[in-house]
Each structure stands twice: as structure tokens, then as C-alpha cells.
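**Student:** Requesting a structural model of the entry that follows:
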Amino acid sequence: MKITIRMDDITPDMDWDKFYRFKSILDKNGINPLIGVVPDNKDEKLRKNPVKEDFWQYICGLQQHGWTVAMHGYNHLYSTKESGLFPIGDKSEFAGLSYKKQDDMIREGKRILKSNGIVTDFFMAPSHSYDKNTLKALKKNGFYRITDGFGENPYEFNGIVFYPIAVSKSDSLKSTKDGIVTFVYHTNTMNDKDFEAFEKMLSKGQFVSYDEFFKCNASLRSFKEEALEYLTAKSKYLAVRLKRVASQKKS
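**Tutor:** Residues are numbered from 1 along each chain as shown. From the prediction side, this is the model:
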């Protein structure tokens with residue numbers, strides 16, 4: 001199983017020391033990731049450092065170097081408690097909003113990226129949450145690829161190609177199947193142990209740059225596969241929630 005890397009929550013005011021530390025590990029291993037850039041960050045939880053003044057020039061440089069850039073929402077503010085079509089969470093910036101509202105947000109997000117030199121047709125939903133209105137608005141605004149869903153190869157659904165994330169990192173590392181998935185990371189919240197574990201993990205699996213995905217043909221997703229993905233995502237969410245409740249009771 002080939003494994004790619006996705007980095008969420010890329011903003012001008014993120015924790016740059018952690019970002020650079022993560023990047024140095026990737027560089028040492030010759031891996032170019034997918035990064036999710038928030039067009040206009042309003043999420044206080046993501047604000048860790050003073051704004052990097054040359055942020056957009058820096059991101060353009062990464063894209064030119066071979067990093068894949070996705071638009072990561074708009075403001076990264078959660079406005080609903082809808083789980084959407086891929087229910088591994090219980091909050092969303094998009095799912096549950098009207099088509100017009102989502103269209104406005106996505107169009108403005110794309111305008112901001114384009115005005116700063118970033119052209120992409122990739123979308124990354126905050127908290128992995130999107131609905132049918134999101135997909136409709138994305139296509140209208142020229143986004144035809146999404147980093148989400150479960151599977152072992154890219155698949156097409158509703159006119160958009162989905163590049164799947166891993167259901168279980170440990171299972172993907174052990175898998176001998178032909179296929180490709182993505183491991184998701186949020187460098188803002190990583191600690192020393194997380195970085196050490198990440199570096200060690202790279203020697204255990206077949207890690208590749210994100211553009212390896214683009215060599216794969218996307219298959220059409222059947223209704224049965226769609227239903228199975230939904231149930232798997234919901235089960236994963238419930239398992240994580242139960243684990244969190246049990247941990248809180250112990251403490």
C-alpha cells in the first residue's frame with residue numbers, strides 16, 4: 001500500500017517552527033505532500049504565531065517545488081453541527097448551509113487564492129464535512145478534486161474525483177495490497193513524541209509524494225460503496241467519541 005501525506009490548517013499565523021520541523025522530515029525523505037491552505041483564516045485556534053509576511057510567496061514556491069495545494073475551507077469557522085456525506089465528525093463550515101451561501105464562500109475563497117498566485121482545483125473540507133450543496137458549489141467554481149473519503153484508490157462521485165484518506169494508519173502500514181491512501185496531519189498540535197513517531201514511521205511504509213495519486217485512474221463509486229463508506233465513517237466517529245468519554249471518566 002502506497003501512502004501519501006496531507007497537512008491541514010496551513011495559515012499565515014500557524015506554528016511555523018512545527019511546520020518547518022515537519023517539512024524537514026519530508027524533505028529528508030523526498031516526499032512532497034498535499035497542503036490545505038485556509039484562504040482567510042478566522043479560527044483563533046489556528047493562530048499560533050505572528051503572520052508570516054511573505055506567506056503567499058512561500059506557498060507559491062512550495063507549489064512550484066512539487067507540493068500539491070488544496071483550498072482548505074474559507075474561514076475555517078464551524079457554523080453547523082452537520083456531519084454531511086462523510087460523517088467522521090459532528091461540525092462543519094459548509095454542510096447544512098444553503099447552496100447560495102456555500103457558493104459565495106467557495107467563490108470568495110478561490111478569489112483570494114488566485115489573487116495571491118495560487119491556482120488549484122483541489123478542495124479540503126474542514127473536519128472532512130461537506131454535503132451535496134458543497135459538491136454543487138465546488139463544481140460551479142472549478143473544483144473537481146477532493147481529499148477525502150475512504151478507499152484504496154481514487155474514485156469519482158457526483159462529478160468529482162475523491163482521493164481517499166486512511167481508515168486506520170496501522171492497517172495501511174501493514175497492508176500488502178496494491179493501492180494508495182493518505183495520512184492526515186495537523187502540525188499545530190503535534191508534540192516532540194509525535195514528530196519522533198512520524199519520522200520512525202516513514203521507514204516502515206511505502207511513503208510517496210502526493211502526486212503519485214495522479215497516476216491512478218479513478219473508478220466510479222457505486223451506491224453500495226457509497227453506503228459502506230458512510231457506515232465506516234460513522235462507526236469511526238462513534239468509536240472515537242466513546243473512547244473520549246471513557247478517558248474522561250477515568251480522569
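
**Student:** Not counting residues beside it along the chain, what's closest to H76?
**Tutor:** Excluding its sequence neighbours, the residue lying closest to H76 (C-beta to C-beta, 6 or more residues apart in numbering) is D43, at 4.1 Å. For glycine as for every other residue, the C-beta is placed from the backbone atoms N, C-alpha and C.

**Student:** same thing with H186?
**Tutor:** D8 (5.1 Å).

**Student:** list the contacts for the one you found?
**Tutor:** 36, 72, 124, 184-186 (C-beta atoms under 8 Å, 6 or more residues apart in numbering).

**Student:** cool, P50 as well?
**Tutor:** D13.

**Student:** ok, and what's touching the helix or strand that K23 is a member of?
**Tutor:** Here K23 sits within helix 16-28, counting by DSSP states H and E. Outside helix 16-28, the residues that touch it by C-beta under 8 Å, 6+ apart are 5, 7, 10, 32-33, 49, 52, 185, 187-188, 190, 195, 198-199, 202.

**Student:** still on that earlier bit, given the one helix or strand the residue nearest to H186 maps to, what are its sheet partners and their directions?
**Tutor:** In this assignment (DSSP H and E), D8 forms part of strand 2-10. Here strand 2-10 is paired, per DSSP bridges, with strand 34-37 (parallel), strand 180-185 (parallel), strand 206-207 (parallel).

**Student:** Return the first one as CSV; C-alpha atoms alone will do.
**Tutor:** Output of strand 34-37 as CSV, limited to C-alpha atoms (Å, rounded to 0.1, in the frame of the first residue of the first chain):
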residue,chain,number,x,y,z
LEU,A,34,-0.7,17.9,-0.1
ILE,A,35,-1.3,21.0,2.0
GLY,A,36,-4.6,22.6,2.9
VAL,A,37,-4.4,26.4,2.8
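
**Student:** center of the protein, which residue is that?
**Tutor:** The residue lying closest to the centre of the chain (C-alpha atoms, centre = their mean) is M124, at 4.8 Å.

**Student:** For that residue, give me phi and psi.
**Tutor:** phi -130, psi 110 (degrees, to the nearest 10).

**Student:** isn't it right next to M71, touching?
**Tutor:** Yes. With contacts counted by C-beta atoms under 8 Å, M124 reaches M71, the gap being 6.8 Å.

**Student:** For those two, list the residues in contact with both.
**Tutor:** G36.

**Student:** In helices, which of the contacts of helix 16-28 fall?
**Tutor:** Those of the contacts of helix 16-28 mapping onto helices are 195, 198-199, per DSSP state H.

**Student:** got any ranges where the stretch 151-251 of the chain has weak pLDDT?
**Tutor:** Residue ranges of the stretch 151-251 of the chain with pLDDT under 70: 248, 250-251.

**Student:** now the strands for it?
**Tutor:** With strands called from DSSP state E, counting those that start in this stretch, the stretch 151-251 of the chain shows them at 155-157, 160-162, 180-185, 206-207, 219-220.

**Student:** Export those as TSV, with columns for mean neighbour count.
**Tutor:** Formatted as TSV, the strands of the stretch 151-251 of the chain follow (neighbours: other C-beta atoms under 10 Å):
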stretch	mean neighbour count
strand 155-157	18
strand 160-162	21
strand 180-185	20
strand 206-207	16
strand 219-220	10
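
**Student:** now these as JSON lines including distance to K136?
**Tutor:** Below are the strands of the stretch 151-251 of the chain laid out as JSON lines (distance: least, C-beta to C-beta, whole Å):
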{"stretch": "strand 155-157", "distance to K136": "13"}
{"stretch": "strand 160-162", "distance to K136": "10"}
{"stretch": "strand 180-185", "distance to K136": "24"}
{"stretch": "strand 206-207", "distance to K136": "34"}
{"stretch": "strand 219-220", "distance to K136": "18"}
